[in-house]
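1. Coordinates for the following, if possible.
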Amino acid sequence: MATDALTPIEDYALIGDLRTAALVGRDGSIDWLCLPRFDSPACFAALLGTPDNGRWRIAPAGGARSEARRYRKGSLVLETSFETATGGVTVTDFMPHRGGESRVDVVRVVRGEHGAVPMELELRLRFDYGSVVPWVRKRDFGLSAVAGPDAVEFYCTLPLENRDFRSRAAFEVRQGETHAFRLTWHPSHHAAPRPSDPLSQCKRTDAWWRHWSGQLRYEGPWREAVERSLITLKALIYDPTGSIVAAPTTSLPEQLGGPRNWDYRYSWLRDATLTLRALVHAGYLAEAAAWRSWMVRAVAGQPEKLQIMYGIGGERRLTEQELPWLAGYGGSRPVRIGNAAADQLQLDTYGEMMDLSDMARRAKLEQDDEAWRVQKVLLEHLEDHWRDPDQGIWEVRGAPRHFTHSKIMAWVAVDRSVKAVEEFGLDGDAARWRTLRHEIHSDVCRHGFNAKRNSFVQYYGGEALDAALLMIPRVGFLPPGDPRVVGTVEAIERELMQGGFVLRYRTQQDVDGLPQGEGVFLACSFWLAEALELIGRHDDAVRLFERLLAIRNDVGLLAEEYDPKTKRHLGNFPQALSHIALVNAAFRLAAAS
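-> Got it, this is the predicted structure:
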């Protein structure tokens, strides 16, 4: 790890350039960075727990945590302030958004605020998740390093001591002094790119983010939280293709010390669709159009080979591997890259895709005839397979089941297709689809509702609850006032609440194929806030929503899960789904307010 003690997940902040991202700790250490893309082998991977893994730390000598840190307003430029006995210093971290794919820059600027502060710098370059030590050479500007396809130039005006496959420097910063450092990645077969002035780059990067965030259409309460979440979601978009990663990290555990460690650096159709819902609500239609184009390219081909997730370029082969040389965060093993869930059947994906298309039409996004043709082919396939068991929204690794939420989202796929014909005049067999819509609806109400429990249940014939069922009124399967909806919301509130937040479900090895135990799921907790609003319990919804806002870290970020007992974040970080759910809940609660 970055220090002898385990650095809490929530102690990290995100910087990025819309192609990849880095995690910066409160101790001044960059412990995670994949180059040149989100899903590339890591250059800095200290987060995954080996003593000699890659990291880049700049901090006061002797070690210190930040006294304060913040993002600049409306921006992804991070400022971390340290106070010591002899003075104060601020470290500014950012990644310029260049628009190309052959260069990545990470820039760190150290500014003396008052007094004089002894500082130390340590750089350990490691590729392929810590397994490759590059060939490092001294240069007039600092050093260069190369390993296979990857080359890095490190620009540093300080004298560097290079020993034990790491580089160090000690320096002092006085009031008004500035030291700038730049790490530049480029393909090793290309010449090193020319450096730019870091202070000018900082201004341009800050202005770019402020211009983007300034387009936000939201005037309700909690604006700061909504804006920060949307900036985070934007940072998780891979700009060259328009795809969206679920998180920039892999194998941060949902259960500390356990095996629930997954690679989230891919684009789930479901998560990306929900992200675009949040962006469209906020007025960011260009991102919706770019993602729709990516989606059409990614899913093109035989409908029976639709995947639930793809690589950020649309890649289909996401072979899951374990990396035995990595100890994992807090001993959470195995560390995985790739994701075998790409091969699962998850019927809800069809519904999410059709729902986004419906939303895009209602937002008056330009019609894409090719996208509609792809949807019709997918719907024909769903028509023949909606009765199949699947792995469900939570990607269980146990046997396939008839998950109620999956069937509901199959209904959504058909419903939105009917509306595309009836309300928007697109060509399609609406009469046949109406019959299918009724058939699925009746099947779910007959087999997915447990009258004894007065609640919909996780899978047909079972009694377990599932927080995904909170989506029922939101997608329009039943109206919010329906007694079955109210009963489901109240049952989840009664039985899946833990420490004031919501579990996805009660983990059972026979269902999900893994040992029991994980944190509360933050997206589900926001879903409950929305559901409470929909059934008329506005004050309860606001209380839950604000309780969720209170557990964001100091710069407004959320992981996937949370442990109410230890007050620690769990899972990959920052998690798109958590921030999506925050934005969507804020819009609903603000409208009611």
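2. Show me what the longest helix along the chain is packed against.
-> Longest helix in the chain by number of residues (criterion: DSSP state H): helix 404-424. Using 3 or more CB pairs under 8 Å, 6 or more residues apart in numbering; DSSP states H and E, the elements in contact with helix 404-424 are helix 348-362, helix 369-385, helix 430-447. To be clear about C-beta, it is placed using only N, CA and C from the backbone, and glycine gets the same treatment.
3. Can you pull out the low-pLDDT segments for the stretch 401-550 of the chain?
-> By pLDDT under 70, the low-scoring segments of the stretch 401-550 of the chain are 508-515.
4. Spell out which residues make up each domain of the protein.
-> What automatic domain parsing lists as the domains of the chain is 9-211, 215-592.
5. so can I have JSON lines of the ones you listed showing mean neighbour count?
-> Formatted as JSON lines, the domains of the chain follow (neighbours: other CB atoms under 10 Å):
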{"stretch": "domain 9-211", "mean neighbour count": "19"}
{"stretch": "domain 215-592", "mean neighbour count": "20"}
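6. Mind jotting down where the strands sit in the stretch 401-550 of the chain?
-> Using DSSP state E, counting those that start in this stretch, the strands assigned to the stretch 401-550 of the chain run over residues 449-450, 455-456, 497-498, 501-502, 520-521.
7. Same list, these, but as a markdown table with distance to Ser357 please.
-> As requested, these are exported to a markdown table (distance: least, CB to CB, whole Å):
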| stretch | distance to Ser357 |
| --- | --- |
| strand 449-450 | 28 |
| strand 455-456 | 26 |
| strand 497-498 | 34 |
| strand 501-502 | 29 |
| strand 520-521 | 27 |
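8. can you list the helices and strands packed on helix 404-424 in JSON lines and add distance to Ser578?
-> Shown next, in JSON lines, are these (distance: least, CB to CB, whole Å):
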{"stretch": "helix 348-362", "distance to Ser578": "17"}
{"stretch": "helix 369-385", "distance to Ser578": "28"}
{"stretch": "helix 430-447", "distance to Ser578": "27"}
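9. of the ones you listed, which approaches Ala21 most closely?
-> helix 348-362 (23.8 Å; CB to CB).
10. which other helices and strands contact that closest one?
-> Where contact means 3+ CB pairs under 8 Å, 6+ apart, helix 348-362 is packed against helix 269-281, helix 285-299, helix 369-385, helix 404-424.
11. Compare these and give me the one nearest Gly330.
-> helix 269-281 (24.9 Å).
12. Let me have that closest one in CSV, keeping just the CA atoms, if that works.
-> What follows is helix 269-281, C-alpha atoms only, in CSV (Å, rounded to 0.1, in the frame of the first residue of the first chain):
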residue,chain,number,x,y,z
LEU,A,269,-24.8,-1.4,-21.1
ARG,A,270,-27.0,-1.1,-18.0
ASP,A,271,-24.7,1.3,-16.0
ALA,A,272,-23.9,3.4,-19.1
THR,A,273,-27.6,3.7,-19.9
LEU,A,274,-28.3,4.9,-16.3
THR,A,275,-25.4,7.3,-16.6
LEU,A,276,-26.8,8.8,-19.7
ARG,A,277,-30.2,9.1,-18.1
ALA,A,278,-28.6,11.4,-15.5
LEU,A,279,-26.7,13.3,-18.1
VAL,A,280,-29.8,13.8,-20.3
HIS,A,281,-31.8,15.1,-17.3
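13. Report the contact partners of Asn218.
-> No, residue 218 isn't Asn; it's Tyr. For Tyr218, the contact set (CB atoms under 8 Å, 6 or more residues apart in numbering) comprises Val226, Glu227, His281, Ala282, Ala586, Phe587, Ala590.
14. Give me the nearest residue to the third one, chain neighbours excluded.
-> What sits nearest to His281 in space, not counting adjacent residues and going by CB to CB, 6 or more residues apart in numbering, is Phe587, at 5.1 Å.
15. residues touching that neighbour, list them.
-> Neighbouring residues of Phe587 by CB under 8 Å, 6+ apart: Tyr218, Gly220, Val226, Ala278, His281, Ala282.
16. neighbours around Leu6, how many?
-> By the measure other CB atoms under 10 Å, the count of residues near Leu6 is 15.
17. Tell me the pLDDT of it.
-> pLDDT for Leu6: 85.
18. re earlier: among the strands of the stretch 401-550 of the chain, which is nearest Arg416?
-> Comparing the strands of the stretch 401-550 of the chain by their distance to Arg416 (CB to CB), the top pick is strand 455-456, with 20.6 Å.
19. Next, the residues that contact that closest one from outside, please.
-> Residues from elsewhere that reach strand 455-456, judged by CB under 8 Å, 6+ apart: 404, 444, 448-450, 465, 469, 472, 484, 487-488, 490-492.
20. ok, that strand: who's next to it in the sheet?
-> Strand 455-456 pairs in its sheet with strand 449-450 (antiparallel), by DSSP bridges.
21. how far is the partner strand from where the chain is centred?
-> From the chain centre to the centre of strand 449-450 is a distance of 33 Å (CA atoms, centre = their mean, to the nearest Å).
22. and Leu256, which of the three is it?
-> What DSSP: H, G, I helix; E, B strand; the rest coil gives for Leu256 is coil.
23. Could you list the low-pLDDT ranges of this protein?
-> Looking at the chain by pLDDT under 70, you get 1-5, 99-101, 508-515.
24. Identify the single longest strand in it, thanks.
-> The longest strand of the chain (DSSP state E) is strand 104-124.
25. picking up where we left off before, am I right that the residue nearest to His281 sits in a helix?
-> Yes. Counting by three-state DSSP, Phe587 is part of a helix.
26. From Leu285, how far out is it?
-> 16 Å (CB to CB, to the nearest Å).
27. just so I know, which of the strands of the stretch 401-550 of the chain lies nearest Ile312?
-> Among the strands of the stretch 401-550 of the chain, strand 520-521 sits nearest to Ile312 (CB to CB), with 24.2 Å.
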